[in-house]
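Asker: Okay, here's the prediction I keep looking at, along with the sequence it came from:
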2 protein chains.
Amino acid sequence: MILPNPTEALTLNPLLNAITEDVMGFLNEIQLNYPQAISLASGRPDENYFNIEEFPEYFGIYVDWLATSSGQEPEKIRKSLGQYNRAKGIINDLVVRYLAKDEQIEVAPEDTLITVGTQEAMVITITTLCNRENDVILIEDPAYVGITHLSIIAGYQVEPVPVDGNGISLLKLEEKILACQARGKNVKLVYVIPDYQNPTGNAMPLENRHRLLELADTYGFLILEDNAYGEFAYQADTPLTLKALDNNKRVIYLRSLSKTLYPSLRLGVLVANQQVEHGGQLVALSDLLAKTKGYITVNTPSITQAVFGGILVKNNFSLKKINEPKIAAIKAKRDQLLASFNEYLTGENNAWAKGISWNIPQGGFFITIFVPFAVTKEEVIICAEQHGLIFTPMSFFYLHEGGKQQIRLAFSNVSEEEINTAVYRLAEYFKTKLHLTQ
Amino acid sequence: MILPNPTEALTLNPLLNAITEDVMGFLNEIQLNYPQAISLASGRPDENYFNIEEFPEYFGIYVDWLATSSGQEPEKIRKSLGQYNRAKGIINDLVVRYLAKDEQIEVAPEDTLITVGTQEAMVITITTLCNRENDVILIEDPAYVGITHLSIIAGYQVEPVPVDGNGISLLKLEEKILACQARGKNVKLVYVIPDYQNPTGNAMPLENRHRLLELADTYGFLILEDNAYGEFAYQADTPLTLKALDNNKRVIYLRSLSKTLYPSLRLGVLVANQQVEHGGQLVALSDLLAKTKGYITVNTPSITQAVFGGILVKNNFSLKKINEPKIAAIKAKRDQLLASFNEYLTGENNAWAKGISWNIPQGGFFITIFVPFAVTKEEVIICAEQHGLIFTPMSFFYLHEGGKQQIRLAFSNVSEEEINTAVYRLAEYFKTKLHLTQ
């Protein structure tokens, strides 16, 4: 018998081809190829604030807390922490106290799921709610590629809505909804990052938040609010999250803990307090989300949940104090970035740079730079090789085309000194580039 | 403005309705409602062998091992273990040594992914490989519902292939493949649990394994081999896994660590050493699976991976010694089960039970009982309420209909004494039931 060639026989999900740009793969490769270059490509949190050697202590605090509050033997609790557990999570009662205290979000433990990062929360939400035939997911553009690429390979209809300095354009959103309706499509979810958006660094003003919630009421969509950077506000009196303002239960809220605590815990909180009709009954959406989660990861590791539980207990259900020094540090980095921009890209000595500008983020890890030339993948390689700096073209974050003359810089996991050197190198690159293109 | 009622506006993925039976929900509810009943419903591993207080030690062993083998400072390693990490995993080099040593599976670290349990591995595999339009996933029937329900809600075409005492029926499999081809469909994946299948407890003989691999060559499908129970063999000289026999790279292998170590670690190993054409190039399937994983959970928690890494280092890359007492214990439980069956369901005194029979599992956590009446959900409630015993109707594990006169008992997380009591109660229930139905 002649065996077919296994290689030839293997075909793939054709939707994988729809993801044209392997953004993460490309950036990882560049960093491996140019290890000496300063990277402002990745929005990783500052490792100086990592203390994972404290995890066993937090784990113990959680076990003690549970023993005291439940009356169970610590040994029995430890056994249960080795076993399968609830799909919704095991620390939901602690997490809702944190949400209430730090974010003014008042929900019941049963309205929450502890997920393997917010990425899993997106998978769960979309899988549970969306109908591939008729539903459209609107995504701010540019956006975190995790939501767009997931939706595409999983076969959902996604459409972009442009963002401006105030977050998602509400005008364009309404136009897009009407256009979808005219085509017989239903806008089910609108994905936004209102706080210090990845990739632009912009935030949504309070009045836009209220207006977006009104639009959700008017057009019957749900808002998928992704909050990873909200704590990292450079000044007080920032607007509340959409979820905290959500009187009509229009928001499904994703609270990432990767930036404020540790990415390696892979923990996110999914808040969904909606009710929904299913099988002729009114049921909690969170129950259906938990059912779906059972088919994605069964449950979130109890070990990492217990560590987070211990952190919450030890800090009286607030992360504000833990995050104070982190916020001060990231603000100092933003300030350094702007100071370096001023030094190397403004003023009489730098008249050549007059076509270059940037936004001034009020929080978060990212800044947008606008340049008078096209920023391609090749430009990333040139800048890394010739100037020792790695950045991300903004075009990587667009669903189709866009942001061709923009750069995203991530300044979270570099020192102020590195930032200054990086901006100097960036200016050198710009000079060469503008000379070449003039 | 009159706001639409948010509840009325919310619609769901219509495929959720295709899952008729919420098996897990129902069983959980029964256990909550009848806390005094002995439960033989759930295939949880025996908690007597849990020692999660050792996790910090294993974590430390992993850090030391990595420091010694890589020359990195332990402090730097700890920082990196707080950060995002590789989508494929961080302990793949240790895991392939374990696969080679314990399972005679020889693959490169790059051919493996460390996943959030094998459930996530299924999501990743199906999402990467399958085309909703043309591809069919064949699933042994009855089967672990995690694969069937996932496939259904994610919109894939699944079809059942009956199992018998030797695992998946190879005759029916071939018939089904030909029937699919005749309808213009492509059988992409065939999901099997060759070792001590959940739910039946049966194993696939060696010659069937070879024949299944031949069929994969002949018809160009991939085998998705799920191995959670393979170590729990009651005697030596059991057949190798399909993956260990896989000369033509036809098998994608899922190695669960939930039964042999801890469910709460949520760790699985996905082995895929196939090459595939993508974007005009021949690429490693594992690279594409890793890309998909980036959109499901980004990466598996480094913390739990490090604990498993430490367990492997400490045990010289073999789990055999750790699992020896666990295997002896589960074998003793199987023996007790059979002894109790003999006592309460066979012999002259129990002539009433002549219509009742069972298979004799040679490994694993499950046994099948055949009874001369229909085992419905209502029967589960009756037996729990009146006889203090919870079991699972085999029909719960069928894709459509089947197994109506069968029961699955899981005997992994109960003591031998409880097993004896449970079988006594089961016999009492059968007596009542047979009297009622005569």
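Answerer: Nice, thanks for sending it over.
Asker: Might you report the residue contacts of A:L285?
Answerer: A:L285 makes contacts with A:T128, A:A272, A:N273, A:Q274, A:Q275, A:V276, B:L10, as judged by C-beta atoms under 8 Å, 6 or more residues apart in numbering or on different chains. From N, CA and C alone the C-beta is placed, and that goes for glycine too.
Asker: er, A:V298 actually
Answerer: So A:V298 contacts A:Y84, A:A87, B:G117, B:Q119, B:G146, B:P263, B:R266 (C-beta under 8 Å, 6+ apart).
Asker: In which helix or strand does the fourth one reside?
Answerer: Think B:Q119. Assigned by DSSP states H and E, B:Q119 belongs to helix B:117-129.
Asker: Out of the contacts of A:V298, name the ones that lie in helices.
Answerer: Mapping those onto helices (DSSP state H) picks out B:G117, B:Q119, B:G146.
Asker: Surely the first one is in contact with B:L267?
Answerer: Spelled out, that is B:G117. Yes: B:G117 lies in contact with B:L267 (C-beta atoms under 8 Å); the separation is 6.7 Å.
Asker: any common contacting residues for the two?
Answerer: Listed as contacting both B:G117 and B:L267 by C-beta under 8 Å, 6+ apart are B:S258.
Asker: If you tally nearby residues, what's the number for A:R183?
Answerer: Using other C-beta atoms under 10 Å in any protein chain shown as the criterion, A:R183 is surrounded by 8 other residues.
Asker: Same check on A:P361?
Answerer: Neighbour count of A:P361, defined by other C-beta under 10 Å: 24.
Asker: next one: A:W358
Answerer: Neighbour tally, A:W358, other C-beta under 10 Å: 18.
Asker: Tell me the predicted confidence for the nearest residue in space to A:P109 that is not next to it in sequence.
Answerer: In this structure, A:P109 finds its nearest non-sequential neighbour in A:N92, 3.9 Å apart by C-beta to C-beta, 6 or more residues apart in numbering or on different chains. Looking at A:N92, its pLDDT reads 98.
Asker: got a list of what A:N92 touches?
Answerer: Contacts of A:N92 by C-beta under 8 Å, 6+ apart are A:P109, A:E110, A:T112, A:L113, A:I114.
Asker: want to try a markdown table for those, with neighbour count, pLDDT and secondary structure as columns?
Answerer: Below are those laid out as a markdown table (neighbours: other C-beta atoms under 10 Å in any protein chain shown; pLDDT from 0 to 100; DSSP: H, G, I helix; E, B strand; the rest coil):
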| residue | neighbour count | pLDDT | secondary structure |
| --- | --- | --- | --- |
| A:P109 | 15 | 98 | helix |
| A:E110 | 15 | 98 | helix |
| A:T112 | 27 | 98 | strand |
| A:L113 | 28 | 98 | strand |
| A:I114 | 29 | 98 | strand |
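Asker: May I see the buried residues of the helix of greatest length in chain A?
Answerer: Scanning chain A for the longest helix, with DSSP H as the assignment, gives helix A:320-345. Buried residues in helix A:320-345, counting neighbours by 16 or more other C-beta atoms under 10 Å in any protein chain shown, are found at A:323, A:326-327, A:329-331, A:333-334, A:336-338, A:340-341, A:344-345.
Asker: Equivalent analysis for stretch A:248-255, please.
Answerer: Buried residues in stretch A:248-255, counted by 16+ other C-beta under 10 Å: A:K249, A:R250, A:V251, A:I252, A:Y253, A:L254, A:R255.
Asker: Restricting to the residues you listed, which residues neighbour chain B?
Answerer: Of the residues in the buried residues of stretch A:248-255, proximity to chain B by C-beta under 8 Å from any C-beta of the partner chain holds for A:K249, A:R250.
Asker: And the buried residues of stretch A:248-255, which is closest to chain B?
Answerer: Distance to chain B, by C-beta to the nearest C-beta, is smallest for A:K249 among those, at 5.2 Å.
Asker: Does that closest one touch A:N273 like I think?
Answerer: Yes: using C-beta under 8 Å, A:K249 makes contact with A:N273 at a distance of 5.7 Å.
Asker: and the closest residue in space to A:Y295 that isn't next to it in sequence, how many neighbours?
Answerer: In this structure, A:Y295 finds its nearest non-sequential neighbour in B:L150, 4.0 Å apart by C-beta to C-beta, 6+ apart. For B:L150, the neighbour count with other C-beta under 10 Å is 23.
Asker: if we can go back for a sec, among the contacts of A:L285, who's most crowded?
Answerer: Busiest of the contacts of A:L285 [other C-beta under 10 Å] is A:A272, holding 30 neighbours.
Asker: quick one: that residue from A:K243, how far?
Answerer: 10 Å (C-beta to C-beta, to the nearest Å).
Asker: got any residues that touch both of those two?
Answerer: In terms of C-beta under 8 Å, 6+ apart, A:A272 and A:K243 are both contacted by the residues A:Y253.
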